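Engineer: build me a structure from this.
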Amino acid sequence: MSVIDDHRLLDVRNVRHLYGKPGGTTQLVLDDVDLALFNNEIVGLLGRSGSGKSTLLRSIAGLIEPTSGEISFPAETASPTRVSMVFQSFALFPWLTVLENVEVGLEAKRVAPEVRRRRALAAIDLIGLDGFENAYPKELSGGMRQRVGLARALVVDPTILLMDEPFSALDVLTAETLRTDLLDLWCEGRMGIRSILMVTHNIEEAVLMCDRILVFSSNPGRIVAEIKVDLPQPRNRQNPAFRRLVDDIYARMTQRGAKDGRKDDGVFPGVGIGMVLPRVSTNTMAGLMETLAAKPFDGRADLPDLAEDLHYEADELFPIAETLQLLRFAELEGGDIRLTADARRYVDADVDARKQLFAQHLITYVPLAGHIRRVLDERPSHQAPGHRFRDELEDLMTEEEADQTLKAVINWARYAEAFAYDETADRFTLDDPG
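Structural biologist: You can find the predicted model right below:
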């Protein structure tokens, strides 16, 4: 574990952020967020997708301006605080070599070419890509491309390193290797940075890497818990203390009700069509319900144990469990998942009865699905263009999130025969769903 001192590097006070068009519908993404980052610590922002973690990180990086609140760097009284960021996507320039990609930030700062080259080569060597200086991104594996992104962030000699789910685009083994290498560099003090602030939705990753974990609620994002990780590095996933902490975080992330008395409806709080929905297939949902209904679970399971039995990472299991809760086929509480009576009916039903039950829950409990169905029911033609709903979503979320959300609802509705969608014509139709 790092020896954290009380030298404050970052202050975030009362930060709020809304997405949406001026004068139109808006969505509150972050609400009243306060945090501090101190010298010599790794802090994790842990929460489900859509909880505003990346928005907060981009605000700290200066890439976006929050709607209100203050972000400051108290240490700037002694020397300027430099912030650098590693993104989830590799974000490399494909026409530049590894060396040229790493030099980009230094070139923007007008560093002399010979100094720029020397510093870039040192960063490439540090992150383990010595020998690949003249390779292009297309010649590299995903793990190697993310190492280039890390070198590009480190070469500008940042005070604070921001990381936005830096391992989520990698396969499990590559992510584990890069995670271990990064921790080794940090513990050995070889990166020169003073603190790391990272976004993750992987519980074990947060416990493995962080000195403090800030747990976010969703919609809007608020910090609902701060957890100190008093475990020495390197950490062992099989250590009972490690497992207890993972279990505790699962419980916190599935509890209902906020301690401060504000409304928090669990996994999918909030109302209306502004929910960012995960791409979870109906086959996957059915498979999990069938697994839970059978022995040894008999309808109820501890989420960490279930993830281990099914060989799922926590961030793979959460979206499935969350979607079942949204559809009222499961309840999440205290780190456990429990099937509802309707889920047991679903498991016991034949194919047609399953579709009918799923359609009822989809239209009733997923606001966007209910909205689309109502529009189609009310129109004499029983048709509506896709952009009619896409534009509404983009008023409430990013374009990428709107696309993901609409595709999720389309896939669920197709299975349930609740309504149809013609991708070529970009048109929703009632298509006689019955």
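
Engineer: look up how far Ile273 lies from Asp426.
Structural biologist: 18 Å (Cβ to Cβ, to the nearest Å). Placement of C-beta: from N, CA and C, glycine included.

Engineer: out of those two, which sits in the busier spot?
Structural biologist: Shown here are Asp426 and Ile273; by other Cβ atoms under 10 Å, Ile273 has more neighbours (21 against 12).

Engineer: can you tell me the helix or strand for the residue sitting furthest away from the middle of the chain?
Structural biologist: The outermost residue of the chain relative to its centre, with distances by Cα atoms, centre = their mean, is Pro380 at 40.6 Å. If you go by DSSP states H and E, Pro380 is not part of any helix or strand.

Engineer: got a list of contacts for the longest helix that the chain contains?
Structural biologist: The helix spanning the most residues in the chain, taking DSSP state H as the definition, is helix 399-416. By Cβ atoms under 8 Å, 6 or more residues apart in numbering, the residues outside helix 399-416 that reach it are 50, 275-282, 355-356, 358-359, 362, 366, 368-369, 372, 386, 389-390, 393-394, 396-397, 418-421.

Engineer: dump the residue contacts of the residue nearest to Val155 when sequence neighbours are not counted.
Structural biologist: Spatial nearest neighbour of Val155, chain neighbours left out: Ala123 (4.1 Å); criterion: Cβ to Cβ, 6 or more residues apart in numbering. Neighbouring residues of Ala123 by Cβ under 8 Å, 6+ apart: 102, 151-152, 154-155.

Engineer: which pair of those residues spans the longest distance?
Structural biologist: Spanning the widest gap among these are Val102 and Leu154, at 8.9 Å by Cβ to Cβ.

Engineer: so for these two, which sits in the more crowded spot?
Structural biologist: Legend: neighbour count by other Cβ under 10 Å for Val102 and Leu154, higher for Val102 (31 against 25).

Engineer: Asp431 belongs to a helix?
Structural biologist: No. Going by DSSP: H, G, I helix; E, B strand; the rest coil, the assignment for Asp431 is coil, not a helix.

Engineer: so what pLDDT did it get?
Structural biologist: Listed pLDDT for Asp431 reads 72.

Engineer: give the contact list for the closest residue in space to it that isn't next to it in sequence.
Structural biologist: The shortest distance from Asp431 to any non-neighbouring residue, by Cβ to Cβ, 6+ apart, is to Ala420 (3.6 Å). Listed by Cβ under 8 Å, 6+ apart, the contact set of Ala420 reads 413-414, 428-431, 433.

Engineer: who does Ala420 form a beta bridge with?
Structural biologist: Thr429 (DSSP bridges).

Engineer: Thr340 - how many residues pack around it?
Structural biologist: Thr340: 18 neighbours (other Cβ under 10 Å).

Engineer: Leu28 and Met397: what is the separation?
Structural biologist: 12 Å.

Engineer: so these two - more neighbours on which side?
Structural biologist: Met397 (21 against 17).

Engineer: need the pLDDT of the more buried one.
Structural biologist: 75.

Engineer: is it in a helix, a strand, or coil?
Structural biologist: Relying on three-state DSSP, one would call Met397 coil.

Engineer: gap between it and Pro220?
Structural biologist: Met397 is 12 Å from Pro220, by Cβ to Cβ.

Engineer: now that we have the contacts of Ala420, which of them are buried?
Structural biologist: Using 16 or more other Cβ atoms under 10 Å as the burial test, those include 413, 428-431, 433 as buried.

Engineer: now distance to Val347 too, for these, in a markdown table please.
Structural biologist: Output for these, formatted as a markdown table (distance: Cβ to Cβ, whole Å):
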| residue | distance to Val347 |
| --- | --- |
| Ala413 | 21 |
| Phe428 | 30 |
| Thr429 | 31 |
| Leu430 | 29 |
| Asp431 | 28 |
| Pro433 | 23 |
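
Engineer: show me which of the residues you listed is closest to Pro234.
Structural biologist: Nearest member of those to Pro234, counting by Cβ to Cβ, is Ala413, at 47.2 Å.

Engineer: point out where the protein drops to low pLDDT.
Structural biologist: 1-6, 20-26, 49-50, 75-79, 219, 254-272, 314-315, 432-434 (pLDDT under 70).

Engineer: what about the nearest residue to Arg116 once chain neighbours are set aside, neighbour count?
Structural biologist: Counting by Cβ to Cβ, 6+ apart, Arg116 lies nearest to Leu106, which is 4.3 Å off, once chain neighbours are set aside. Leu106: 21 surrounding residues under other Cβ under 10 Å.

Engineer: could you shift the numbering so residue one becomes 511, and keep it that way?
Structural biologist: Shifting the count to begin at 511 puts that one at Leu616.

Engineer: only alpha carbons, please: show the helix or strand encompassing Leu616 as PDB.
Structural biologist: Counting by DSSP H and E, the element that carries Leu616 is helix 608-618. Taking C-alpha atoms only, helix 608-618 is exported to PDB below (Å, rounded to 0.1, in the frame of the first residue of the first chain):
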ATOM      1  CA  VAL A 608       4.800   4.400 -31.900                       C
ATOM      2  CA  LEU A 609       7.600   7.000 -31.400                       C
ATOM      3  CA  GLU A 610       5.600   9.700 -33.200                       C
ATOM      4  CA  ASN A 611       2.400   8.900 -31.200                       C
ATOM      5  CA  VAL A 612       4.300   9.200 -27.900                       C
ATOM      6  CA  GLU A 613       5.900  12.500 -29.100                       C
ATOM      7  CA  VAL A 614       2.500  14.100 -29.900                       C
ATOM      8  CA  GLY A 615       2.000  15.800 -26.500                       C
ATOM      9  CA  LEU A 616       5.500  17.100 -26.400                       C
ATOM     10  CA  GLU A 617       5.300  18.400 -29.900                       C
ATOM     11  CA  ALA A 618       2.100  20.300 -28.900                       C
END
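
Engineer: following it, which helix or strand shows up next?
Structural biologist: Following helix 608-618 in sequence, per DSSP H and E, is helix 623-636.

Engineer: on contacts alone, who are the packing partners of the helix or strand following that following helix?
Structural biologist: Per DSSP H and E, helix 623-636 leads on to helix 652-664 as the next helix or strand towards the C-terminus. When contacts are defined as 3 or more Cβ pairs under 8 Å, 6 or more residues apart in numbering; DSSP states H and E, helix 652-664 sits against strand 593-596, helix 608-618, helix 623-636, helix 682-697.
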